[in-house]
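Peer 1: Provided below for reference: sequence and predicted model.
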Amino acid sequence: MNPYTIFSDIVAGRAPASKVYEDDDVLAFMDIRPWTPGHLLVIPKVAAASLAELDPEIGGKLFQVGQRIALALRQSEVACDGVNFFLADGIAAGQEVFHVHLHVIPRTSGDGFGLRGRPVNAHRADLDYLASSVRRVLAEGDR
Ligand code: 5GP
């Protein structure tokens, strides 16, 4: 997949962005089409299209920066009451820009924004079956 997206241009300074944070590995800037006021994106500077391509250490930094920003948003003029994190990995998950990005979404009561799907009541046997399958793959990754 072509690793270059508009986010690479933003990292390189070739496209404009309203930046809120930058270090050697991570950049955070306001989303151009915010879901709620103050919605921003935290991205790795490296052009990783998916989580599979992203160094887990950098992935951890995305969360750390998102965590700091979540606290800052509450104290800023955004003055939200809560925050959602959202990350779309893959077309089926709704990913549109193929450069990993963590959405940080400020929330206030009654803002009308919703991320939840329709939950179903699961059977314990199904949960156990899928849990054992994921555990097996994780264990294979550790070998
Ligand atoms: P996705 O659906 O891939 O999780 O989200 C992509 C996000 O990137 C969208 O929320 C969209 O508004 C944002 N976005 C797309 N192009 C630009 C851009 O050029 N600048 C900024 N700041 N955000 C962008």
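Peer 2: Yes, it's here.

Peer 1: May I have the phi/psi pair for the nearest residue to residue 16 once chain neighbours are set aside?
Peer 2: Among residues not flanking residue 16 along the chain, residue 10 sits closest, at 7.7 Å (CB to CB, 6 or more residues apart in numbering). From N, CA and C alone the C-beta is placed, and that goes for glycine too. As for residue 10, its main-chain torsions (degrees, to the nearest 10) stand at phi -70, psi -40.

Peer 1: Repeat that for residue 19.
Peer 2: Main-chain dihedrals, residue 19, degrees, to the nearest 10: phi -80, psi 140.

Peer 1: buried residues in stretch 122-136?
Peer 2: For stretch 122-136, the neighbour count (16 or more other CB atoms under 10 Å) marks no residue as buried.

Peer 1: Contact residues of this structure facing the ligand?
Peer 2: Proximity of the chain to the ligand, by CB under 6 Å from any ligand atom, involves residues 6, 17, 29, 30, 31, 32, 33, 88, 94, 95, 96, 97.

Peer 1: Redo the residues you listed as CSV? Include pLDDT, neighbour count and secondary structure.
Peer 2: As requested, the residues of the chain next to the ligand are exported to CSV (pLDDT from 0 to 100; neighbours: other CB atoms under 10 Å; DSSP: H, G, I helix; E, B strand; the rest coil):
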residue, pLDDT, neighbour count, secondary structure
6, 97, 13, helix
17, 97, 21, coil
29, 98, 20, strand
30, 97, 14, strand
31, 97, 17, coil
32, 97, 12, coil
33, 96, 5, coil
88, 98, 15, coil
94, 96, 10, coil
95, 97, 16, coil
96, 97, 8, coil
97, 98, 13, coil
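
Peer 1: which ones are touching residue 30?
Peer 2: 17, 18, 20, 38, 39, 40, 41 (CB atoms under 8 Å, 6 or more residues apart in numbering).

Peer 1: mind redoing it with 7 Å?
Peer 2: Neighbour list for residue 30: 18, 20, 40 [criterion: CB atoms under 7 Å, 6 or more residues apart in numbering].

Peer 1: where in the protein is pLDDT low?
Peer 2: Applying pLDDT under 70 to the chain flags the ranges 1-2.
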